[in-house]
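Peer 1: Generate a structure from the sequence data that follows.
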Amino acid sequence: MENSFKYVFAYWSPVKKKWEVCNTYFILSKGFGENEIYGQFLTSNWFSHHHRLNEKLVPFHCAILGQKNEIDFKKTRNLLNFNNNAVPSNHDIHYQYFNFAEYFYLDLETIQNIVSKLKNEDVTTFTMRGYNKSKHRLSLNIRKYTDQGNQKICYTLPQFSA
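Peer 2: Numbering: from 1, shown residues only. Take a look at the predicted model:
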């Protein structure tokens with residue numbers, strides 16, 4: 001495990017129409033098998049993205065970014081949003097600026113399937129494979145709930161392995 005690396009979670013905000021970078025580093029532990037490290041957020045306060053189900057569902061785009069030293073969150077956010085793309089993609093990740101970078105994508109059909117199977121107050125964990133290397137994985141907890149009469153889904157507690 002490379003202890004000197006710092007890893008952050010970035011995601012596309014459909015409301016702001018730009019990439020956001022969580023200002024908390026993943027907690028790392030030693031991996032096993034083909035993956036040398038595991039990183040996780042320990043609390044949903046570090047990241048949770050809520051979406052009202054009466055609004056149009058949208059794909060979920062995110063990335064894990066790592067550097068050997070501290071990460072400048074503002075600079076990283078500016079770098080991801082440099083092209084001002086209206087639609088996020090793997091091309092927003094400037095791989096040459098990071099020691100580790102992986103892009104993940106949760107497509108609309110998969111989100112619809114998850115939402116249709118979840119009952120209210122249920123939680124499921126969904127795991128995605130990396131765009132560049134399939135051995136890289138990202139898991140998210142997805143919860144369906146009702147808040148002030150609005151049904152919502154929430155993505156939270158990212159965990160990755162690389």
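Peer 1: What residues of the longest helix that the chain contains count as buried?
Peer 2: Assignment by DSSP state H gives helix 108-117 as the longest helix of the chain. Residues residue 111 are the ones in helix 108-117 that count as buried (16 or more other CB atoms under 10 Å). Any C-beta I mention is one placed from the backbone N, CA and C, and that applies to glycine too.
Peer 1: List the contacts of that helix.
Peer 2: 53, 57-60, 124, 126, 142, 144, 153 (CB atoms under 8 Å, 6 or more residues apart in numbering).
Peer 1: cool, stretch 65-85 as well?
Peer 2: 2, 4-8, 10, 18-21, 23, 25, 63, 91-94, 97-101.
Peer 1: Where does the prediction get shaky in this structure?
Peer 2: 1-3 (pLDDT under 70).
Peer 1: Tell me which helix or strand the residue nearest the centre of the chain sits in.
Peer 2: The chain has residue 62 as the residue nearest its centroid, 4.0 Å off, counting by CA atoms, centre = their mean. Using DSSP states H and E, residue 62 maps to strand 60-67.
Peer 1: Parallel or antiparallel, which strands does that strand pair with?
Peer 2: strand 6-13 (antiparallel), strand 100-106 (antiparallel) (DSSP bridges).
Peer 1: Just the CA atoms of that strand, as CSV, please.
Peer 2: Provided in CSV are the C-alpha atoms of strand 60-67 (Å, rounded to 0.1, in the frame of the first residue of the first chain):
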residue,chain,number,x,y,z
PHE,A,60,-24.1,9.7,-12.0
HIS,A,61,-20.5,10.5,-12.9
CYS,A,62,-17.7,10.4,-10.4
ALA,A,63,-13.9,9.9,-10.1
ILE,A,64,-11.3,8.9,-7.6
LEU,A,65,-8.2,11.1,-7.7
GLY,A,66,-4.9,10.5,-5.9
GLN,A,67,-1.7,12.3,-5.5
